[in-house]
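Asks: got a predicted structure here, sequence first:
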Amino acid sequence: MQPAELSAVDLVTAVRQGDLSAVHCTEAFLRRIEALDGSINAFLKVDREGALASAARIDERRRAGGPIGPLAGLPIAVKDALCTANLPTTCGSKMLQGFRPPYDADTVRRLREADAVIVGKTNMDEFAMGGSNENSAFGPVKNPWDLSRAPGGSSGGSAACVAADMAPVAIGSDTGGSIRQPAGLCGITGLKPTYGRVSRRGLVAFASSLDQIGPMARSAADCALVLETIAGHDPGDSTSLCDEVPRYTEMLEQPLTGVRIGRVRDHYAEGLDPEVARGVEEAFAVFTAAGATIHDVELPHAKYGVATYYLIAPCEASSNLARYDGAHYGHRSSQRTGDGFESPLLEMYCRSRAEGFGPEVKRRIMLGTYALSAGYYDAYYAKALKVRRLIRQDYLDAFRHVDLIGGPVSATPAFRLGEKTGDPLAMYLVDLYTVATNLAGVGGISFPCGFTRSGLPVGFQLQGPALAEPLLLRATDRFQRLTDWHLRRPKAIA
Ligand code: GLN
């Protein structure tokens, strides 16, 4: 078997047992990246030398009988929103082109300590703002299932590289759906853990009260393996949770008998593609066959999710992105005319930001600054916080009656590149089913539950209460033992 055909769980087992060397495994994925990424554009940086050198060190240590980490030899691609001390970190923006962080993100540090092999940094929407990857300053990513379509976003590079077997696992971040939506549109499995489960230290901040890092892989079992390494308290992020990290990989076996899954009737309103609706219904039937029971639940305020998210996220972004002033780090404009500026310093700030940020990032900064300004704060930002609280309460109420909530990830399968770029509102509506999870601070997972007639993946989403990752992973793993949607590979790039 080729390494690219093995699951992450099988790859680490093969390396541990000496059946596969870390170097051989890394080379196999690097070869695929070389062959395929020219047409997909999932990577902003491939670290060939670094990856092979760390793989060689792992092999050497193993042969000498030394200890090797739980992810020894596993190639992993990391979203370019996570700081890497040895590799440039751009966050998909010209603002950070050429930036080399002084330290590794906590997730990256944990991956290295577990002997994972970081193969490169993946493309993304600029500062993680977007749902199609078309807001990247370095060109869009193509969906491996149909190169004329978007992979989703903002972790589009991470999703596409796993879908095309250019890495068995990738790391993404999810502020309003950026792990789950691209996973759904690319036919892979993506987990957004509970807020605070994974440290945000070294994740370039977008909206700090919503941002969360998580694994994207072929299956729930592979996500469980990686989450075990990256989750846990970090004194460097005061919002990271102190709760002990369960052995997710050992909790997959239990049957689903008696697990109650909620079904939200509002999810089937106008706008839901009939092929997606069918895939989702069939997924509920699989869960029923597995012993789960399905119950109607209501999330009455979820319909305000998009409006609430698109106030809170831009407000936090406008504050977080104030640090890019051209003075400390990031792009600095060299142009000085003096015309119309009060001072050279002000001109430097203005020009640096005008040149460094793309149009969507500027739109969010303006929206957020407006909504936070005196006179509008109460009407917009404070109001949005109140609605957020109601949305969270809806989830708390629903989870008194059910263990999980199931439904679609996105209303449609992957859309065409360029289809929504002229209409920001249409792009924001792509987040209909995903933003409430982040607003409530709970966890969600998405995975393929079927394909359209034209061969595009359809995604299913499960959401769970805070710290229900073991159940989210177990339910998805059970689904994947009963179906084989997650094993299909895109023909175009096979
Ligand atoms: N699509 C959403 C946005 O544009 C979510 C992005 C994310 O989760 N990072 O903000």
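Replies: Cool, the structure landed.

Asks: helix or strand right after the helix or strand where Arg109 lies?
Replies: Counting by DSSP states H and E, the element that carries Arg109 is helix 106-113. Going down the chain from helix 106-113, the next helix or strand is strand 117-122, by DSSP H and E.

Asks: who are the packing partners of that following strand?
Replies: helix 22-40, strand 43-46, helix 48-63, strand 75-79, helix 106-113, helix 156-163 (3 or more Cβ pairs under 8 Å, 6 or more residues apart in numbering; DSSP states H and E). For every residue, glycine as well, the C-beta is placed using N, CA and C.

Asks: list the contacts of the residue of the stretch 351-494 of the chain at minimum distance from the ligand.
Replies: Residue nearest to the ligand within the stretch 351-494 of the chain (Cβ to the nearest ligand atom): Asp431, separated by 4.8 Å. By Cβ atoms under 8 Å, 6 or more residues apart in numbering, the residues touching Asp431 are 131, 176-177, 181, 305-306, 309.

Asks: redo those as TSV? Include secondary structure, neighbour count and distance to the ligand.
Replies: Compiled in TSV, the contacts of Asp431 are given as follows (DSSP: H, G, I helix; E, B strand; the rest coil; neighbours: other Cβ atoms under 10 Å; distance: Cβ to the nearest ligand atom, whole Å):
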residue	secondary structure	neighbour count	distance to the ligand
Gly131	coil	28	4
Gly176	coil	30	3
Gly177	coil	32	5
Gln181	helix	32	7
Gly305	helix	25	11
Val306	helix	19	9
Tyr309	helix	26	7
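
Asks: which positions in the stretch 101-250 of the chain make contact with the ligand?
Replies: 128-131, 154, 174-178, 206 (Cβ under 6 Å from any ligand atom).

Asks: next step: these restricted to strands.
Replies: When these are checked against strands (DSSP state E), the matches are Asp174.

Asks: what residues does the helix holding Arg109 touch?
Replies: Against helix 106-113 from outside (Cβ under 8 Å, 6+ apart): 54, 69, 71, 76, 78, 82-84, 104, 118, 171, 198-203, 213, 229-230, 232, 234, 236-237, 240.

Asks: in ChimeraX, select just the buried ones from the residues you listed.
Replies: This is how ChimeraX selects the buried members of the contacts of helix 106-113, with burial counted by 16 or more other Cβ atoms under 10 Å:
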select :54,69,71,76,78,82,83,84,104,118,171,198,199,200,201,202,203,213,229,230,232,234,237,240
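
Asks: circling back to that earlier point, can you put the contacts of Asp431 in JSON lines and add pLDDT and distance to Tyr395?
Replies: Formatted as JSON lines, the contacts of Asp431 follow (pLDDT from 0 to 100; distance: Cβ to Cβ, whole Å):
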{"residue": "Gly131", "pLDDT": "98", "distance to Tyr395": "22"}
{"residue": "Gly176", "pLDDT": "98", "distance to Tyr395": "15"}
{"residue": "Gly177", "pLDDT": "98", "distance to Tyr395": "16"}
{"residue": "Gln181", "pLDDT": "98", "distance to Tyr395": "19"}
{"residue": "Gly305", "pLDDT": "97", "distance to Tyr395": "11"}
{"residue": "Val306", "pLDDT": "97", "distance to Tyr395": "16"}
{"residue": "Tyr309", "pLDDT": "98", "distance to Tyr395": "15"}
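
Asks: reformat these as CSV; add distance to Leu36.
Replies: Output for those, formatted as CSV (distance: Cβ to Cβ, whole Å):
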residue, distance to Leu36
Gly131, 23
Gly176, 29
Gly177, 26
Gln181, 22
Gly305, 36
Val306, 34
Tyr309, 34
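
Asks: please name every helix or strand in contact with whichever strand or helix holds Arg263.
Replies: Using DSSP H and E, Arg263 sits in strand 260-264. Contacts defined by 3+ Cβ pairs under 8 Å, 6+ apart place strand 260-264 against helix 274-289, strand 293-297, strand 404-408.

Asks: let's see 10 Å
Replies: If you count contacts as 3 or more Cβ pairs under 10 Å, 6 or more residues apart in numbering; DSSP states H and E, strand 260-264 packs onto helix 274-289, strand 293-297, helix 383-398, strand 404-408, strand 457-464.

Asks: name the residues of that strand that come out as buried.
Replies: Buried, per 16+ other Cβ under 10 Å, within strand 260-264: 261-264.

Asks: for the residues you listed, which one is nearest Gln97?
Replies: Val264 (42.1 Å; Cβ to Cβ).

Asks: got the residues of the stretch 251-400 of the chain near the ligand?
Replies: Counting by Cβ under 6 Å from any ligand atom, the stretch 251-400 of the chain sits next to the ligand at Ala313.

Asks: burial measure for the residue of the stretch 251-400 of the chain found nearest the ligand, as a count.
Replies: Using Cβ to the nearest ligand atom, the single residue of the stretch 251-400 of the chain nearest to the ligand is Ala313, 5.4 Å away. Close neighbours of Ala313, defined as other Cβ atoms under 10 Å, add up to 27.

Asks: quick one, grab the pLDDT at it.
Replies: Ala313 is assigned 98 on the pLDDT scale.

Asks: wait, doesn't it sit right on Thr175?
Replies: Yes: counting by Cβ atoms under 10 Å, Ala313 touches Thr175, with 6.3 Å between them.

Asks: find the residues that touch each one of those two.
Replies: 128-129, 206-207, 209-211, 431, 435, 438 (Cβ atoms under 10 Å, 6 or more residues apart in numbering).

Asks: now those as JSON lines including distance to Ser333 and pLDDT?
Replies: As requested, those are exported to JSON lines (distance: Cβ to Cβ, whole Å; pLDDT from 0 to 100):
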{"residue": "Ala128", "distance to Ser333": "24", "pLDDT": "98"}
{"residue": "Met129", "distance to Ser333": "22", "pLDDT": "98"}
{"residue": "Phe206", "distance to Ser333": "23", "pLDDT": "98"}
{"residue": "Ala207", "distance to Ser333": "26", "pLDDT": "98"}
{"residue": "Ser209", "distance to Ser333": "31", "pLDDT": "98"}
{"residue": "Leu210", "distance to Ser333": "31", "pLDDT": "98"}
{"residue": "Asp211", "distance to Ser333": "28", "pLDDT": "98"}
{"residue": "Asp431", "distance to Ser333": "33", "pLDDT": "95"}
{"residue": "Val435", "distance to Ser333": "34", "pLDDT": "98"}
{"residue": "Asn438", "distance to Ser333": "34", "pLDDT": "98"}
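
Asks: for those residues, which one is nearest the ligand?
Replies: Ala128 (3.6 Å).

Asks: tell me who's in contact with that closest one.
Replies: Per Cβ under 10 Å, 6+ apart, neighbours of Ala128: 79-81, 91-93, 135, 153-155, 172-176, 178, 203-207, 211, 313, 317, 361.

Asks: having no further points to raise, I will conclude here.
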